[in-house]
Structure formats: C-alpha cells, structure tokens
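[1] Predicted model, plus sequence, below.
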Amino acid sequence: MNLAETGIRTVSSPTQAMPVAAARGIEAWYVPSPLVPMIAVAFTFEGGAAQDPDGKAGTAQMLARLLDEGAGDLDSDAFQEALAARAIELHFHAGPDSIGGSLKMLVKHADEAIRLTALALAEPKLDVTAIERVRSQMIASLRYQQNDPGVMASRRYFREAFPDHPYSRPSSGTLESLAAITRDDLVAMHRALIGRGGLKVAVVGAVEADGVAAMLHQAFGSLPESTPLKPVPATHIHDLGRRIVVDLDVPQSVIRFGLGGVAWRDPDFIPAYVLNHILGGGAFTSRLFQEVREKRGLAYSVGTSLTSHRAVAMTWGYTATKNERVVEALDVIGDEIARLIQDGPSDEELQKAKDYLTGSYALSFDTSTKIANQLVQIAFEGLGMDYIARRNDMVAAVTQADIRRASARTFADGKMLVVAAGRPVGL
C-alpha cells in the first residue's frame, strides 16, 4: 500500500492531523514530520489509579513502573540494555483516569523500538524481584515526601475534597497500601487496563501512513479487547469554605485551594480557561500574581489551573507564604475571586488574555513529542481531530457574557476548600 492508494496527503502541521487505521480496530492520529529521522509515539489507555483495588492505592502506578522492568524473554537488565543500545526512549505513567506511555526513536531503530514496546505492553514479566525493587523505591519516595509540605497539603486536599471516592486516594499509594499489593493484583490490573478498547495513539515523525499502520498493528495488535472498568461515580468538591491545617514545623506554609471547575469536554471549558488565565493562570499577568506577589510581596509564586478528570473538574490553586501571613494571602485570593464574580474582567483584560492564549498556543507543538502528547490527550478527551484548528477561534470568540457564565459555574459563591501545611497563624 502507498500513500496514493490511501488517499492521505502528507502534511507537517498538527492542525492537519489525520487518522491511520490498522487491523483489529486500532487507530492513531498521525502527523508526518520528515525533517528529522525520528518518530515520537504517545499512547494512553482508559482507566488509571481510580481503578486501584480498595486498600491497595498505588497499584496502577506500580504497574506503570514495572512495564519496562523486563518483558517476554528479556529480564529487566536485558530489556533496559536493548533500549539503551539504540537510544530508544520508552516511558510509562499512570494518572487518575489513564495509564499510558511515550516512545521516541530513530527511524532506523523503529522496528526494534516497536518490538520492545509490544513486549512491554503484552508480556510484562512482573518478576517478584522487580516488584520488590519498585515497591521499595515507591515506599522510600513516600517516606521522603512525608516532610514535603506541598505533597502533604495536596494529599490532604484530595482526601477532604472527595471523601469515599477513588480520587481521594493518592495515585502513588500509602506506606500501608503499597505493602499490601501482590503480584496477582498487578496481573489483574494489567488485564483490566491494557487493552485495545480504551486505546488512543498519536504518531509524529518521519514515517509514511502505511508505515504507521504497520507500527500500530505490531505494537498493539496482540493486545486483548479491554474488559469493563469499574464505574467511577461523578463527584464534586466537598467542604467548600473549610480551612484545614496539616501541622508541620516549618516557617512557611504551603497552601492548596480549590473550587468548582469545567471539564475539558464541556462547551464552557474555553471561557472557563480564559477566566482562569485572568485569575491565576497567567504566569506574570494574572490578578493573583499581581495582587499577592507584586503589590504585597506575600508569596514568590501563586497561581491556578483548571483540572479536568473523568468524574470531576475543579479550579486548583497553590501558593506558599510565611506562617503569619497565610490569612492575609487567603483573604487577597478570596477578594480577587469575589471581584471577578461581581464585576468580571475589564474589556482590555479579557482581550489581553485572549491575545496571549492564542499567540502562545503554537509553543505547545514545537517538538514531535509535544505534538504527539497533545494529540493523544485531545483524542482521550474526545474533542475531535479538528480541535487544534478550532481552538484559537474558540478562544478569540469568548465574550463577557461567556465569562460571566463560566464564572457562575466555576466560582459560584467564591467559597474555597483550603489546606495549609505548616503552622499558619490564625487559620
């Protein structure tokens, strides 16, 4: 098969990504990039840490860390040596709602890279020795993090925000849950998550469409159909308006705060995204940066982001300040949210936000790896292949009415759930 037979034309822009299908229903988004003899692949499977068994948080993340610790007839050392000998970069990761990976290789080593990826996904060894080594590494990391106020604040925030929900459990587990995970748990998690049914793939690089189809079949064709996942019920942030202290003997408190959000798949996401940029998403121009850092010197950094999970969306914020100034910093943050609820941004403020967000979007696609990661995330969210081409027009079209609607849905009455790790005075 050649390109003429497929009807696919060669392009070099991510806005012109195209589908390429292989056998067994596998499909990828593909962007040719012939200038450098490299190929970047990103892939993700539906289901992640939210699928961890009760009492065994960290199972999905442990599985992700074990996938390249030996596969097929290769033990861990042999597998890693095979990657290193050809400068193949293969990494796996797990989040709340997905498990996936990324692959980067020279074109001349593509066959071997795809072979190793296929082995890791379909036939991970999950040796007891490797399991114990990875378990020890994860436990050591958790023990170190027990003295990290940022980690402690984040963990407590999710525990309080989503009680009795899978999102309340830390993806990296706890000392107790990691100790309880067995090889059978990992085998069952692999069987549940690694399947063709929930697979999204993006391929960018110096390869033709028929070559992509062959790669897809070789890398993922031997995977089984996915089994049904455990349902993850929709949830919301609990205890808005509450302020919680995690007692740590440090001179500066690390703060995490959150309130409502809009999911990436929601029609109001783009207005909410512009609104978030104005509040705290702009690195140096946001209201929080100006009011908290520049005018008052309360913190070195402060910001917010929109977080979109399968079962909840939220506006997630962070800062850190001296223990005696925590209340003042939170009051300033609350005042800025209240001002946006009451008055909205000025027309000039809104226009500047839109200009920045449209002008900077191309920076998300300045490498093949970035393009692949962006494409697979867009596919995972079900936004459509033309999303990249539409995105800037949607941002530019946001009006004050859109901002008011997004504000009502995200900020509501302005109440936040706040967690401060440290010894804040007066909180």
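    Great, that's in hand.

[2] quick one: the helices in the stretch 51-200 of the chain?
    59-66, 76-85, 110-122, 128-145, 149-161, 175-180, 183-193 (DSSP state H, counting those that start in this stretch).

[3] between those, which gets nearest to residue 208?
    Closest approach to residue 208 among those (Cβ to Cβ): helix 110-122, 11.8 Å. Where C-beta positions appear, they are placed from N, C-alpha and C, glycine not excepted.

[4] Next, the buried residues of the closest one.
    Along helix 110-122, these residues count as buried under the neighbour rule (16 or more other Cβ atoms under 10 Å): 110, 113, 114, 116, 117, 118, 119, 120, 121, 122.

[5] Next: stretch 179-197.
    In stretch 179-197, counting by 16+ other Cβ under 10 Å, buried: 181, 185, 186, 188, 189, 190, 192, 193, 194, 195, 196.

[6] Which pair in those residues has the greatest spatial separation?
    Using Cβ to Cβ for every pair in the buried residues of stretch 179-197, the one that comes out farthest apart is 181 and 196, at 25.6 Å.

[7] end-to-end on stretch 361-371?
    12 Å (Cα to Cα, to the nearest Å).

[8] Please work out the average pLDDT along that stretch.
    Per-residue pLDDT values across stretch 361-371 average out to 93.

[9] now swap in stretch 166-186 and tell me
    97.

[10] and it, how far apart are its ends?
    18 Å.

[11] any idea how far that stretch is from the chain center?
    20 Å (Cα atoms, centre = their mean, to the nearest Å).

[12] out of the helices of the stretch 51-200 of the chain, nearest to residue 278?
    helix 149-161 (23.2 Å).

[13] what's near enough to touch residue 38?
    104, 105, 106, 107, 205, 206, 368 (Cβ atoms under 8 Å, 6 or more residues apart in numbering).

[14] and residue 143, what is it in contact with?
    If you count contacts by Cβ under 8 Å, 6+ apart, then residue 143 has residue 175 around it.

[15] Skipping adjacent residues, who's closest to the residue most central in space within the chain in space?
    With the centre of the chain defined as its mean C-alpha position, the nearest residue by Cα atoms, centre = their mean is residue 95, 6.6 Å away. Counting by Cβ to Cβ, 6 or more residues apart in numbering, residue 95 lies nearest to residue 48, which is 4.9 Å off, once chain neighbours are set aside.

[16] Can you get me a residue count around the one you found?
    28 (other Cβ atoms under 10 Å).

[17] That one reaches residue 171, doesn't it?
    Yes - between residue 48 and residue 171 there is a contact at 7.4 Å, judged by Cβ atoms under 8 Å.

[18] which neighbours do these two share?
    By Cβ under 8 Å, 6+ apart, the residues touching both residue 48 and residue 171 are 60, 94, 95, 96.

[19] Let's see which of these end up in strands.
    residue 94 (DSSP state E).

[20] Just the C-alphas of stretch 199-210, formatted as PDB.
    The C-alpha trace of stretch 199-210 is given here as PDB (Å, rounded to 0.1, in the frame of the first residue of the first chain):
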ATOM      1  CA  LEU A 199      -6.500   2.800  23.400                       C
ATOM      2  CA  LYS A 200      -5.700   6.200  21.900                       C
ATOM      3  CA  VAL A 201      -2.400   6.600  19.900                       C
ATOM      4  CA  ALA A 202      -0.600   9.500  18.200                       C
ATOM      5  CA  VAL A 203       2.400   9.200  15.900                       C
ATOM      6  CA  VAL A 204       4.600  12.100  14.700                       C
ATOM      7  CA  GLY A 205       7.700  11.800  12.600                       C
ATOM      8  CA  ALA A 206       9.500  10.700   9.500                       C
ATOM      9  CA  VAL A 207       7.200   7.800   8.600                       C
ATOM     10  CA  GLU A 208       4.600   7.300   5.900                       C
ATOM     11  CA  ALA A 209       1.000   6.400   6.600                       C
ATOM     12  CA  ASP A 210       1.400   2.700   5.600                       C
END
